[in-house]
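sequence first, then the predicted structure, then my questions.
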Amino acid sequence: MDDPYTTILKLLPVLLKFVLMCVTHKKEIVRMASMKLLEFVLETKGCSLDTSMVFILKAILTTYPSISVNATNLSIS
């Protein structure tokens, strides 16, 4: 039986792929949950994520500005 750390490492690629898909979901609660999970992964795994870090940062940087612009446009209208 594997320890929890090893189990998380085995599931991490699939988990990250799913979470990154959820970052652009239309429901805000799903987006917020995915961002919280990304925050947890970044805090616990940090630099050991290697190439996954590139995909995480790309998803955050490409998603956040478009969501905030849309939210601003909705509140102005």
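Yep, that arrived. Residues are numbered from 1 along each chain as shown.

burial of Val19, as a residue count?
19 (other Cβ atoms under 10 Å). The C-beta positions use only the backbone N, C-alpha and C, and glycine is treated the same way.

which secondary structure element is home to the closest residue to it other than its chain neighbours?
Spatial nearest neighbour of Val19, excluding adjacent residues (Cβ to Cβ, 6 or more residues apart in numbering): Ser34 at 4.7 Å. For Ser34, the host element (DSSP states H and E) is helix 28-45.

check contacts around the residue nearest to Val19.
19-20, 22-23, 25 (Cβ atoms under 8 Å, 6 or more residues apart in numbering).

let's see that with 10 Å instead.
18-25, 59, 63 (Cβ atoms under 10 Å, 6 or more residues apart in numbering).

most centrally placed residue in this protein?
Centroid-nearest residue in the chain: Leu38, 4.0 Å away (criterion: Cα atoms, centre = their mean).

gap between that residue and Arg31?
Going from Leu38 to Arg31 by Cβ to Cβ, to the nearest Å gives 11 Å.

now do the shared contacts for the two.
22-23.

buried sites along the helix holding Ser34?
31, 34-35, 37-38, 41-42, 45 (16 or more other Cβ atoms under 10 Å).

report the mean per-residue pLDDT for that helix.
Mean pLDDT, computed over helix 28-45, is 84.

now the helices for the protein?
Applying DSSP state H to the chain gives helices spanning 4-22, 28-45, 52-76.

got the angle between the second one and helix 4-22?
The reference is to helix 28-45. 140 degrees (axes from the mean of the first three to the mean of the last three Cα atoms, to 10 degrees).

so what does Thr24 look like in phi/psi?
phi -100, psi 10 (degrees, to the nearest 10).

that one: how many residues sit nearby?
Count around Thr24 with other Cβ under 10 Å applied: 14.

so what's it scoring on pLDDT?
Confidence score, pLDDT, at Thr24: 82.

was I right to think it contacts Thr62?
Yes. With contacts counted by Cβ atoms under 10 Å, Thr24 reaches Thr62, the gap being 8.7 Å.

let me know whether Met21 touches Leu37 as I believe.
No. Counting by Cβ under 10 Å, Leu37 is not a contact partner of Met21; they are 12.0 Å apart.
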